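[1] okay, here's the prediction I keep looking at, along with the sequence it came from:
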Amino acid sequence: MRLAAEIQKWVAASRALYSTTIVLPCIAGAVIAWYEGYFSWMPFILVLVALFFANIGTNLNNDFFDYKSGVDAIDEGRKFKSGAEVYLKSGLTPKRVATAVAVCFSITAAIGLYLVFAVNWHIVFLGLAGIFIAVFYTAPPFKLGYRGFAEIACWLGNGLLAVAGTYYVLAGKISTTALLVSVPVGLLVTAIIYIGNVPDAEADAKVGKRTTSVRFGRQAVVVLGPAFYVVVYASLIAGIILHLLPVWTLLALLTVPMAIKIIRLTGKNYNDIPSYAPAIMMTVKMFMLTTLLIIVGFAIAYIL
């Protein structure tokens, strides 16, 4: 029982159940490689495990430094999502969390080094870029998330590196198709970050966290919210027109009604946190469903 309780604490603190934001982009890159004839199970599994632990390490690392900044303690919107208080209330001290961060990143680095020597030495550049983003998203001296680079870092880590990087490990080359798919998939994850940060604007400003919502105000979601989804769908349609994506990836357009619902909810309630809060989880579901439909589109095209 004690072991089960301990595991439950770490799962909650690491938000491991939300690792779909890195797992699905990785699978998308692998499916593209499979579609183009470059798939191999062992490198794929290794990349998936590496990215999974990198994501957990990033989540714990972010909460560790947010805790040190004090932002969680004054954030009115924190009641609608989990942060550092998860491990503080459950007895996972900051020291233990820092140790877990080191372990997670060490696992990722070890797998990365193996792939560098066993598959392609150029992978080292992808690994270094990924670790840099993961560690310094909230850690000093760069603190990317605190200095207005949260969305760019998220798109690079969960889009370009996860999708195109996975493809590169499997194929040993860059694919225009993989690069293109990294755009909508990365933006879908980035929308989670941006829309999730809107309620936190006042608290973030007090601790010097210059997020997009701090810089432009909560009301910017009226414009930026729709912009994410317009680019997502436009990139998919453009890819099909240019014969870079199989026509079956149009299945992703089935999520348009969900996107419209998110846009309406956020645009109307950005100053009413309780009414706005449901949109945060909706963006997660939006990402998952749209990315899955893109993956299914490639699978159908391959089979047919």
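    That came through, no problem. Numbering: from 1, shown residues only.
[2] which residues in the stretch 151-300 of the chain form helices?
    165-171, 176-197, 201-206, 212-216, 221-241, 256-269, 273-276, 278-303 (DSSP state H, counting those that start in this stretch).
[3] ranking those helices by mean pLDDT, which is last?
    With a mean of 82, helix 201-206 has the lowest mean pLDDT of these.
[4] so for the helix ranked longest in the chain, what gets flagged as buried?
    Scanning the chain for the longest helix, with DSSP state H as the assignment, gives helix 41-69. Buried positions in helix 41-69, judged by neighbour count with 16 or more other CB atoms under 10 Å: 43-44, 46-48, 50-67, 69. Heads up, the C-betas are built off the backbone N, CA and C, glycines and all.
[5] residue 301 is in contact with residue 31, correct?
    No. With contact defined as CB atoms under 8 Å, residue 31 and residue 301 do not form a contacting pair (10.0 Å).
[6] higher neighbour count, these two?
    Neighbours per residue (other CB atoms under 10 Å) separate residue 31 from residue 301, with residue 31 holding more: 25 against 15.
[7] in which helix or strand does the more buried one reside?
    Under the criterion of DSSP states H and E, residue 31 resides in helix 20-35.
[8] tell me what that helix is packed against?
    helix 41-69, helix 165-171, helix 176-197, helix 278-303 (3 or more CB pairs under 8 Å, 6 or more residues apart in numbering; DSSP states H and E).
[9] so which of these is nearest residue 136?
    helix 41-69 (9.2 Å; CB to CB).
[10] state the mean pLDDT of the closest one.
    Rounded mean pLDDT across helix 41-69 is 88.
[11] check which helices and strands that helix sits against.
    helix 2-14, helix 20-35, helix 85-89, helix 94-118, helix 123-136, helix 165-171.
[12] distance to residue 217 added to these, as CSV?
    What follows is the helices and strands packed on helix 41-69, written out as CSV (distance: least, CB to CB, whole Å):
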stretch, distance to residue 217
helix 2-14, 31
helix 20-35, 26
helix 85-89, 26
helix 94-118, 32
helix 123-136, 26
helix 165-171, 34
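[13] out of those helices, the one nearest residue 281 is which?
    Evaluated over the helices and strands packed on helix 41-69, closeness to residue 281 peaks at helix 20-35, with 12.5 Å, by CB to CB.
[14] tilt between the closest one and helix 278-303?
    10 degrees (axes from the mean of the first three to the mean of the last three CA atoms, to 10 degrees).
[15] separation between the closest residue to residue 143 other than its chain neighbours and residue 186?
    Using CB to CB, 6 or more residues apart in numbering and skipping residues adjacent in sequence, the residue nearest residue 143 is residue 136, 6.9 Å away. Note on residue 136: its distance to residue 186, by CB to CB, to the nearest Å, is 18 Å.
[16] so between these two, which is more surrounded?
    residue 186 (25 against 18).
[17] excluding its backbone neighbours, what's nearest the more buried one?
    Excluding its sequence neighbours, the residue lying closest to residue 186 (CB to CB, 6+ apart) is residue 159, at 1.6 Å.
[18] ok, now residue 46?
    Residue 46 sits nearest to residue 111 (CB to CB, 6+ apart), 5.2 Å away.
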